[in-house]
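Engineer: Any chance you can model this:
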Amino acid sequence: MRQNRHRLGSDPAAYGLPAYWTQVLVLFEIHRRIRHEEPVGEDQLSLLSPLYRGLVEQRWPNTAPAPAAV
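Structural biologist: Numbering: from 1, shown residues only. Next up, the predicted model:
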């Protein structure tokens with residue numbers, strides 16, 4: 001992932017890892033997308049626990065999806 005040769009599948013739970021390690025994989029995928037200037041969408045962010053999502057959005061504010069129009 002670090003060298004942009006691999007990407008995380010759409011269902012990281014399918015890898016059969018404990019929940020903690022699934023979160024780590026999702027964080028690596030989001031970081032890979034940011035480093036290679038690919039969009040990070042709600043589908044990736046929604047896979048994170050609220051704590052990790054908040055930390056990602058705090059560190060990289062541009063990754064947070066735009067709020068829905070009211």
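Engineer: Tell me how many other residues crowd Asp43.
Structural biologist: 9 (other C-beta atoms under 10 Å). From N, CA and C alone the C-beta is placed, and that goes for glycine too.
Engineer: Could you say which helix or strand holds it?
Structural biologist: helix 42-45 (DSSP states H and E).
Engineer: Return the set of buried residues in the following helix or strand past that helix.
Structural biologist: Per DSSP H and E, the first helix or strand lying C-terminal to helix 42-45 is helix 50-59. Across helix 50-59, burial judged by 16 or more other C-beta atoms under 10 Å covers Tyr52, Arg53, Val56, Glu57.
Engineer: just stretch 10-26 next, same as before
Structural biologist: Pro12, Thr22, Gln23, Leu25, Val26.
Engineer: what stretches of the chain score poorly on pLDDT?
Structural biologist: 1-7, 9, 64-70 (pLDDT under 70).
Engineer: Which strand or helix spans the residue nearest the centre of it?
Structural biologist: Centroid-nearest residue in the chain, with C-alpha atoms, centre = their mean: Ile30, separated by 3.6 Å. Per DSSP H and E: Ile30 is located in helix 19-35.
Engineer: Against which helices or strands is that helix packed?
Structural biologist: For helix 19-35, the elements it packs on are helix 42-45, helix 50-59, judged by 3 or more C-beta pairs under 8 Å, 6 or more residues apart in numbering; DSSP states H and E.
Engineer: before we move on, the earlier item: check what contacts the helix holding Asp43 and list those residues.
Structural biologist: The contact list for helix 42-45 (C-beta atoms under 8 Å, 6 or more residues apart in numbering) reads Ser10, Val26, Glu29, Ile30, Arg33, Arg53, Val56, Glu57, Thr63, Ala64, Pro65.
Engineer: Show me which residues of that helix are buried.
Structural biologist: Using 16+ other C-beta under 10 Å as the test for burial, helix 42-45 gives Gln44, Leu45.
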